[in-house]
Each structure stands twice: as C-alpha cells, then as structure tokens.
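Trainee: here's a sequence, model it:
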Amino acid sequence: MKGKIILIVLGVVLAIGCWLAHYTRSAVAADANATSDNGALLREITALRADITLLRADIGTLRAELARNADPSVTTGPSIAFTSVPRAGGGADTRGDIAGRVQGVDKPETYRIVLYTHTDLWYVQPLIAEPFTAIDGKGNWENWTHLGTSYAALLVRPTFKPKAQIVELPDVGGDVVAVMQAPAAK
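Mentor: Numbering: from 1, shown residues only. Below is the predicted model of the structure:
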C-alpha cells in the first residue's frame, strides 16, 4: 500500500512538472514581443526543464527501487549508475573525470555511452568529434568531460547519432536504451 501511495504522489509531482513546463512554454510563446525580461524568463524555463528532467529520473529510480523491494526477482531493464561525477564548473578549459556502470543489457561492450554536460544547454562530451565512450565487458565506463552544473549519460546503440547541443535529454526509445542524470558533485 505504501508503494502505491508513493507512486501516486510521484505521478502527481510529474504531472505538475509537465503542466508547468507546458504553461511556461505557452507563456513565452504568447509574450514573444517582450524585451528585457525574455532572457531571464528563458533562463528560468531552462532551469525548470532541468528540474523536470531530474524529477523524471528520480521517479524512474524510485519505481525501480519499489519494484525490487516488492519482488527482488523483478528486473527493471537497462540502467546506468554513476560511480564518479565531477564538481560544478564551466568553460572550455575545465575538465573532470566521470565514470559509471551499465546493467541490464547482454554484452554491454556492444553498446556506447554518450555523455552530456549541462550549462545553459546540454553539450555532448568530451568532444563533438569524439562523442562515444566505450563500455567494457563488465559494464564499466569512464571518460573526461568539461565541467557544468549537471551531467548525463545515455546508454545507446552504436547506430545512435548524438547531437552536439540539445535543450532536453532524449527519452528512452529507438537507439536510446537508458538515460541517467546527476548533479555536479559538491
């Protein structure tokens, strides 16, 4: 019963977050002629989108945890966990190490990780010309990244074509097998 209540609460939180995202997009579109406040409003919308993305990731993690607690034999599918996340920062001359592990896929070495760092947008890491991070046979991966406010890892099939910059992280589906986001280390 407790698990059902948590899922309902999480669903309501996600619905409110989605409504806020839709409302703010509509407000920006209706007020496209505003001048001085547009920059601040757009920054706030970007921050709200990042918060919503974090909420979605947290809800997914909580659902998986509830399923495991209810029945340890339940498998939750492919997943990514960070084992090392760099501190916050920004700029082309900043770097940090990032690492993690994938689970729930056969032959993890046949998949790739695509890293993104968030500042004002999500930027592919470590370089546009080198967007893929290899995964070893045990599911471990590591690379370096430019510093940002948060970090994301996408577990993808080798046919995935990463974009250099994105506003929002992609949903799972197609060539995207799993998505995980983490704030910068304190």
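
Trainee: is it true that Glu142 touches Asp97?
Mentor: Yes: with contact defined as Cβ atoms under 8 Å, Glu142 and Asp97 form a contacting pair (6.8 Å). (Each C-beta comes from the backbone N, C-alpha and C, glycine too.)

Trainee: of those two, who's got more company?
Mentor: Using other Cβ atoms under 10 Å, the more surrounded residue of Glu142 and Asp97 is Glu142, with 16 against 11.

Trainee: who's in contact with the more buried one?
Mentor: Ser84, Asp97, Ile98, Ala99, Gly100, Thr133 (Cβ atoms under 8 Å, 6 or more residues apart in numbering).

Trainee: just the buried members of those?
Mentor: When those are checked for burial by 16 or more other Cβ atoms under 10 Å, the buried set is Ile98, Ala99, Gly100, Thr133.

Trainee: now, the residues you listed that are in strands?
Mentor: Using DSSP state E, Ile98, Ala99, Gly100, Thr133 are the members of these that sit in strands.

Trainee: tabulate the residues you listed (a markdown table), appending distance to Pro170 and pLDDT.
Mentor: Listed next are those as a markdown table, based on distance: Cβ to Cβ, whole Å; pLDDT from 0 to 100:
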| residue | distance to Pro170 | pLDDT |
| --- | --- | --- |
| Ile98 | 19 | 98 |
| Ala99 | 22 | 98 |
| Gly100 | 18 | 98 |
| Thr133 | 16 | 98 |
